[in-house]
Every structure is written in C-alpha cells, then in structure tokens.
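In: sequence and predicted structure are below.
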Amino acid sequence: MKKQEYIEKAKKSILNRVVFHSPIVFERKIDNEILKANNIDIRYPVFKFDKQLDKRLLRAFELAQAEHDFNLVLKSSSLNKIKSKKLKHLKRYFIYDVEECPKAFVEMINKLNINYQASSNYNVEFKDKFIKLQDLILNPSYQQYLLRQTEVYDNLWFDYQEFVLNGNNYFLRLKNVSNETKKVELEINIPLKKGYYYFKKLNRAISIENLLSKEKLYFNFVCKNAKFSFSEVDGLENSVFSCINLRLSFSMQPKEERFVFFNMGDSKFVCQTLREIKKLKDLSIKKCCEIFDIQVKTKNQEFDKVFNLTLPKKIWINWLNNKVDLSLEEKYVNLKRLFVRGQEKRSFVPFKQIGLKEIGVFNGEYYKKILVVNSAQKYFKVGKTHFFNFNDITNFSLKSKEPLELSFGD
C-alpha cells in the first residue's frame with residue numbers, strides 16, 4: 001500500500017472512532033480534577049493509543065485532529081520510533097508512563113478510551129432478512145398487502161404471514177400433523193439500517209437505539225425461551241451492519257397447534273391472542289385499501305395492471321422494508337388524478353384517451369364497482385334511480401347494495 005493511501009485510510013479509521021464511538025457509561029465515576037491536572041480536556045473524546053507510533057500514523061493523527069478535536073493519549077513506550085519534538089503538530093496530546101502515573105488517572109483514561117476492541121456475540125453469516133423453519137428458508141409470496149406462505153413441511157403444517165401496521169409484523173401458525181412428538185427449530189434474522197446501535201433486553205421486547213439518529217425501535221415478541229443474538233455496542237466494527245437474530249426451539253405433541261408473533265416497530269406493542277393478531281392483520285389490509293382506494297378497468301390492460309397491481313405492490317414492499325420511494329408514490333397519485341378528483345366526496349373524469357370501463361372504489365369494506373356507460377346524458381344511477389344533477393359520489397352511495405352506473409355524457 002502506498003504511503004499516502006495508508007495515511008488516508010488510517011485517518012478515516014481514527015475519525016470513525018472519534019465520531020461514532022458508543023456512549024460513555026462511567027460518567028458518575030469519572031474524577032474530572034485528575035484529568036484536568038494532566039491536561040486532558042474533558043469536553044472531547046479520549047483516544048488512547050498503546051501501539052508503536054510511526055511517521056505515517058503520526059501524520060494520520062495530525063490530519064484527524066485537523067478535522068475533529070479529541071485528546072490523544074500516548075504511552076511512553078509507544079514513542080520508540082518517534083522523537084518527542086516530532087509531536088509538535090498535534091493539537092492535543094498527553095504522554096504517560098503506566099508505572100509512574102497515578103493509578104486513578106490510568107483508570108480514568110481506560111474508562112473514557114474510545115479506541116477499544118470490538119466484539120460481538122453473533123457472527124453474522126447472513127446479512128439479509130430470513131425466516132427459517134427447521135431447515136427450510138421461508139419464501140412467502142405477495143397477496144393483497146400481505147406476504148404469505150402456507151404448506152406442510154417435515155410433518156409440520158404452517159401458515160406464515162407478514163404485514164405492516166404499528167411496524168412490521170411476523171406471524172407464524174404451526175400444527176404437528178404427525179402422530180409423534182415433533183421438535184421444532186425456528187430462526188429469524190432481521191437486519192437493521194447501517195448504523196451504530198445500543199441493544200437492551202426488556203420483558204417481551206428488545207430495545208434498539210440508533211446512537212447517531214437517536215431513533216428507537218422495539219422488537220416485540222410473544223414466545224418463551226427465545227435466544228437472542230445481535231451485534232454488541234461495546235465495539236463498533238461489528239455493529240455497523242447490525243442484525244437481530246432469534247432462535248427458538250420447542251416440542252409439539254401430535255396434532256398440537258401453536259403460534260408465535262413478533263413485531264418490529266417504534267413502540268412496545270404485542271398481540272397476545274390469535275383474535276388480536278387477526279384483527280391487526282385485517283386492519284392493516286384495510287388501511288392499505290384506504291390509501292390505494294381506486295381500481296379501474298380500461299381498454300388498456302397494461303395500464304390496469306400497472307395502476308391496480310404493480311405500483312401498489314412496489315410501494316407496499318418498500319414500506320415493508322422501511323423504505324420510501326417518492327417517485328413511485330408520486331407516479332401513483334398522478335395516474336389517479338387522470339380519472340378521479342377528491343377524497344371524501346369523489347368526482348370522476350372521463351379519461352377518454354384510455355377508455356374507462358369500470359371504476360372500483362373502496363367503501364371501507366370492499367371495492368364497490370361503478371360501471372361506466374356511454375350515453376348522451378350525464379347521470380349517476382343507483383339501482384333504478386337516476387341522478388342527473390350531481391357533482392360527486394359519496395360513501396353513502398358506495399355502500400349501497402344496488403348496482404352503480406355512471407355516464408359522463410357527450
């Protein structure tokens with residue numbers, strides 16, 4: 001590696017430590033007077049360096065201090081290759097001898113040191129999300145605002161569902177269809193956004209705090225004896241690409257049924273019963289239908305597919321993955337404006353270029369079909385009743401059990 005490239009990489013590594021170090025948890029145990037007496041400015045991070053300092057590393061520290069203030073604490077034994085006068089370009093540094101310095105000072109420096117060793121109790125083999133039942137990686141398919149997979153595998157019938165409301169929800173129902181006791185192995189791996197995290201296990205939840213954005217998440221669970229692993233924040237190198245990993249083992253008697261439920265959201269939240277989970281799932285689908293509340297049938301089948309299926313699916317998948325694509329959402333809204341106006345009180349536009357044949361409007365329960373007909377007169381028809389002077393179509397009409405018909409006139 002060339003000298004300049006080495007210096008630049010070393011500087012970046014130093015700055016990553018300075019900018020992204022984990023919180024110091026010893027604040028009440030720090031003696032500020034001892035630090036001040038040894039020229040340590042407590043307003044800035046303390047970077048202790050015990051290895052041999054050479055000219056390239058010295059230059060990297062100089063460049064790093066030019067961008068961010070921090071205390072550089074060097075062991076006297078680290079300067080075997082560098083003369084003290086070469087340190088004159090460092091802005092803030094202190095040289096200490098472990099044998100001669102007060103023990104209290106060395107303890108304070110060790111507690112405040114941001115240049116610690118990274119460690120983790122989870123060696124990430126997969127950085128992607130996966131749900132594994134026995135040795136089967138689940139591959140649910142998209143239904144309307146729901147990911148779902150139902151099948152029998154290894155004498156286990158299962159129904160897996162994933163949906164969005166109050167965060168992401170993961171729901172698995174199981175039944176042992178064999179005549180023997182069955183051992184079940186379940187593993188869930190959920191990646192987090194790139195960042196530095198603090199994890200804390202609570203009762204029925206894992207608290208997850210992003211140290212940079214201060215955003216808090218909770219991984220809520222309904223199960224017993226789950227084993228959790230995640231990248232620890234006593235070191236940062238392994239927590240840049242953090243994953244929550246859950247492993248669950250249990251036995252099921254013949255014909256026994258069981259379920260597990262997990263939620264990843266911004267609050268402590270959990271469903272305790274199958275009825276509560278079904279209610280949450282139904283509400284999730286309803287909320288999505290209220291957003292994508294129009295479906296159309298035109299003379300252009302490709303347009304119908306894009307508007308009714310492709311765009312809503314892509315937008316929903318982004319929500320499931322905690323992403324937002326404004327261009328997709330704007331495209332959907334702009335297409336919708338081609339033939340509908342308003343929200344509570346809707347009026348429709350005769351989009352003649354594409355040949356509008358039917359309009360489906362979500363009425364809170366289902367998509368109510370409105371048949372578009374060609375007529376010289378403009379009217380809206382509910383059952384056998386014609387309305388010639390109308391400006392909009394209300395939810396009252398949409399909830400009627402009578403067939404609906406719409407003519408834009410000539």
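Out: Structure received. None of the values given here were measured: they were computed from a predicted structure. Residues are numbered from 1 along each chain as shown.

In: right, and the helix or strand after the helix or strand hosting L58?
Out: Applying DSSP states H and E as the criterion places L58 in helix 55-67. Sequence-wise, the next helix or strand downstream of helix 55-67 (DSSP H and E) is strand 71-75.

In: who does whichever helix or strand comes after that next one pair up with?
Out: Heading C-terminal from strand 71-75, the first helix or strand you meet, by DSSP H and E, is strand 93-96. In the sheet, strand 93-96 lines up against strand 71-75 (parallel) (DSSP bridges).

In: show me which positions of the partner strand end up buried.
Out: Neighbour-count burial for strand 71-75, counted by 16 or more other Cβ atoms under 10 Å, picks out N71, L72, V73, L74, K75. Every residue, glycine included, has its C-beta placed from N, CA and C.

In: got the contact list for that strand?
Out: 40-41, 44-50, 53, 61, 65, 90, 92-98, 109, 113 (Cβ atoms under 8 Å, 6 or more residues apart in numbering).

In: narrow the residues you listed to those that are buried.
Out: Buried residues within those, counting neighbours by 16+ other Cβ under 10 Å: 40, 44-49, 53, 61, 65, 93-94, 96, 109, 113.

In: quick one: mean pLDDT over the helix holding L58.
Out: Looking at helix 55-67 alone, the average pLDDT works out to 91.

In: next, the angle from it to strand 71-75.
Out: With axes from the mean of the first three to the mean of the last three Cα atoms, to 10 degrees as the basis, helix 55-67 and strand 71-75 are set at 160 degrees to each other.

In: show me what helix 55-67 is packed up against.
Out: The contact analysis (3 or more Cβ pairs under 8 Å, 6 or more residues apart in numbering; DSSP states H and E) places helix 55-67 against helix 3-19.

In: buried sites along the helix or strand where R148 lies?
Out: According to DSSP H and E, R148 maps onto strand 146-153. Buried residues in strand 146-153, counted by 16+ other Cβ under 10 Å: L146, L147, Q149.

In: would TSV of those residues with distance to K323 and pLDDT be doable?
Out: What follows is the buried residues of strand 146-153, written out as TSV (distance: Cβ to Cβ, whole Å; pLDDT from 0 to 100):
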residue	distance to K323	pLDDT
L146	18	95
L147	15	96
Q149	22	97
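
In: tabulate those residues (JSON lines), appending distance to F221.
Out: Formatted as JSON lines, those follow (distance: Cβ to Cβ, whole Å):
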{"residue": "L146", "distance to F221": "20"}
{"residue": "L147", "distance to F221": "19"}
{"residue": "Q149", "distance to F221": "20"}
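
In: which stretches of the stretch 301-410 of the chain form strands?
Out: For the stretch 301-410 of the chain, the strands defined by DSSP state E, counting those that start in this stretch cover 340-341, 347-348, 356-362, 367-373, 378-382, 385-387, 404-408.
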